[in-house]
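Asker: one predicted model, sequence on top.
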Amino acid sequence: MAKIVCVLYDDPVGGYPPEYARDGVPVIERYPDGQTAPAPQGLDFTPGELLGSVSGALGLRGFLESRGHTLVVTSDKEGPDSRLDRELPDADVVISQPFWPAYMTRERIEKARNLRLIITAGIGSDHTDLQASIERGITVAEVTYSNSISVAEHVVMMILSLVRGYLPAHQTVLDGGWNIADNAARSYDLEGMHVGTVAAGRIGTAVLRRLKPFDVRLHYTDKHRLPQETERELGLTYHPTAHDMVPHCDVVTVNAPLHPETEHLFDDALLGTMKRGAYLVNTARARICDRDAVVRALESGRLAGYAGDVWFPQPAPADHPWRTMPHHGMTPHTSGTSLSAQARYAAGTREILEAWLEGRPIREEYLIVQGGTLAGAGAHSYTAESS
Ligand code: NDP
């Protein structure tokens, strides 16, 4: 019987379950590239429920306990005395979400002598030391595509809210004010602007598709070029590197994984090549940007706005400078954990567990590391020295 340790974010302050605003979520059966949505043998939750917090337990409790497995769910993940660290020595499986990551460092992996599977309930396994997982023969899997569209929607929302000045205007209303000039002084139309994405994978391409009807000029850079018909259909301009692309853009959105090639890509030097008053939206990973260089760029006016939902570390400390820098539209790490997304990645987590517990292969597209090497989606998107 397996011991599964699941690290999830805390329940709502008002208690669990929350009062839901709607009665359900639309059923998505396929993603844009034809990949089918998760299809586990069974489900013990109603899609639309809050599954990502401790009491939600990703909807796994009934499934695992009825088969005799042990499920430990905790939000306590920091420091050597955390519940996660205390449960690790005999854990077979660790599950966490990027929104509240269990940082699976080499040290923790060494401590977890029984560990055979690490699941990211969501997308992005940079919180796991992939090289250490490779050396130990641990399988790392994530629920590819489960929340890519959720993030793409968040990116479009953030681009529009920065360019149009939505957040300060809303604040004016909350404050009981009405000074239209103050709001209009930093508000622009997106129409006609040059918008570029660093990476045109699942999220980047979905952002480009969603922005096309806004009559913007679209740019992208990626390690591999998109098919010519996609470039033509969306009117894309390709640039070989981010350095080539960003000087042309009014808005840049970052949609690449965090790995050595992308870590601190947006430093003072690259930000200094952007147009004065450009906007930067990063929902990929915080460390793709140099934290303090972003603050400096906002203070100097090089950037007119910065938004995203990814921070380092997570949770972000109360004094993190991105909470108070000017002209930002930051949210906590929420874009990929809408109730709609949770239904998919919880089902995908169960699908992975069902396969693993029954000794069946895990879907190729979910694999990051297997058999002592990068595998599946991981072989495509990651480099082993990632963490
Ligand atoms: P994909 O794997 O579909 O796309 C990633 C793309 O990045 C690929 O096209 C890849 O290129 C490209 N890429 C990798 N390295 C570089 C580089 N150095 N320069 C330019 N392009 C590069 O992943 P998704 O689109 O689904 O997700 C992207 C990232 O978004 C995730 O890794 C994760 O970090 C983040 N994310 C954030 C979420 C949130 O809640 N905020 C939720 C989900 C994901 P190629 O394939 O051509 O080699």
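Answerer: The structure has been received and is ready for your questions. Values in this document were obtained by computation on a predicted structure and should not be read as measured data.

Asker: now the strands for the chain?
Answerer: 3-7, 70-74, 93-96, 117-120, 139-142, 194-198, 217-221, 236-238, 251-254, 278-282, 303-308, 367-370, 373-374 (DSSP state E).

Asker: in CSV: these, plus mean pLDDT and mean neighbour count.
Answerer: Glycine gets a C-beta too; all of them are placed from N, C-alpha and C. Shown next, in CSV, are the strands of the chain (pLDDT from 0 to 100; neighbours: other CB atoms under 10 Å):
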stretch, mean pLDDT, mean neighbour count
strand 3-7, 98, 23
strand 70-74, 98, 17
strand 93-96, 98, 26
strand 117-120, 98, 27
strand 139-142, 98, 26
strand 194-198, 99, 26
strand 217-221, 99, 22
strand 236-238, 98, 17
strand 251-254, 99, 27
strand 278-282, 99, 26
strand 303-308, 98, 25
strand 367-370, 97, 25
strand 373-374, 94, 17
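
Asker: tell me the contacts of the residue nearest to Trp311 when sequence neighbours are not counted?
Answerer: Leaving out its chain neighbours, the residue that sits closest to Trp311 by CB to CB, 6 or more residues apart in numbering is Ala286, at 4.9 Å. Ala286 makes contact with Gly308, Val310, Trp311, Phe312, according to CB atoms under 8 Å, 6 or more residues apart in numbering.

Asker: filter these to the buried ones?
Answerer: In the contacts of Ala286, burial by neighbour count holds for Gly308, Val310, Trp311, counting by 16 or more other CB atoms under 10 Å.

Asker: from the contacts of Ala286, which are also near the ligand?
Answerer: Taking CB under 6 Å from any ligand atom as the test, the ligand is in contact with Val310 out of the contacts of Ala286.

Asker: ok so, going back, pipe the strands of the chain into JSON lines and attach distance to Phe45 per row.
Answerer: JSON lines is the format used below for the strands of the chain (distance: least, CB to CB, whole Å):
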{"stretch": "strand 3-7", "distance to Phe45": "14"}
{"stretch": "strand 70-74", "distance to Phe45": "14"}
{"stretch": "strand 93-96", "distance to Phe45": "15"}
{"stretch": "strand 117-120", "distance to Phe45": "17"}
{"stretch": "strand 139-142", "distance to Phe45": "20"}
{"stretch": "strand 194-198", "distance to Phe45": "34"}
{"stretch": "strand 217-221", "distance to Phe45": "37"}
{"stretch": "strand 236-238", "distance to Phe45": "39"}
{"stretch": "strand 251-254", "distance to Phe45": "32"}
{"stretch": "strand 278-282", "distance to Phe45": "31"}
{"stretch": "strand 303-308", "distance to Phe45": "29"}
{"stretch": "strand 367-370", "distance to Phe45": "25"}
{"stretch": "strand 373-374", "distance to Phe45": "32"}
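
Asker: so where's the chain shaky on pLDDT?
Answerer: Residue ranges of the chain with pLDDT under 70: 385-387.

Asker: residues in it within reach of the ligand, list them.
Answerer: Checking the chain against the ligand by CB under 6 Å from any ligand atom, the hits are 122-124, 147-148, 151, 198-204, 221-224, 255-258, 261-262, 283-285, 309-310, 333, 335-336, 380-381.

Asker: so which of the residues you listed belong to helices?
Answerer: Among those, the members falling in helices (DSSP state H) are Ser148, Val151, Arg202, Ile203, Gly204, His380, Ser381.

Asker: list the residues that contact Asn179.
Answerer: Taking CB under 8 Å, 6+ apart, one finds Thr172 in contact with Asn179.

Asker: that one and Val173, how far apart?
Answerer: 11 Å (CB to CB, to the nearest Å).

Asker: same question for Tyr238.
Answerer: 42 Å.

Asker: now Arg217, nearest residue through space, not along the chain?
Answerer: His194 (4.6 Å).
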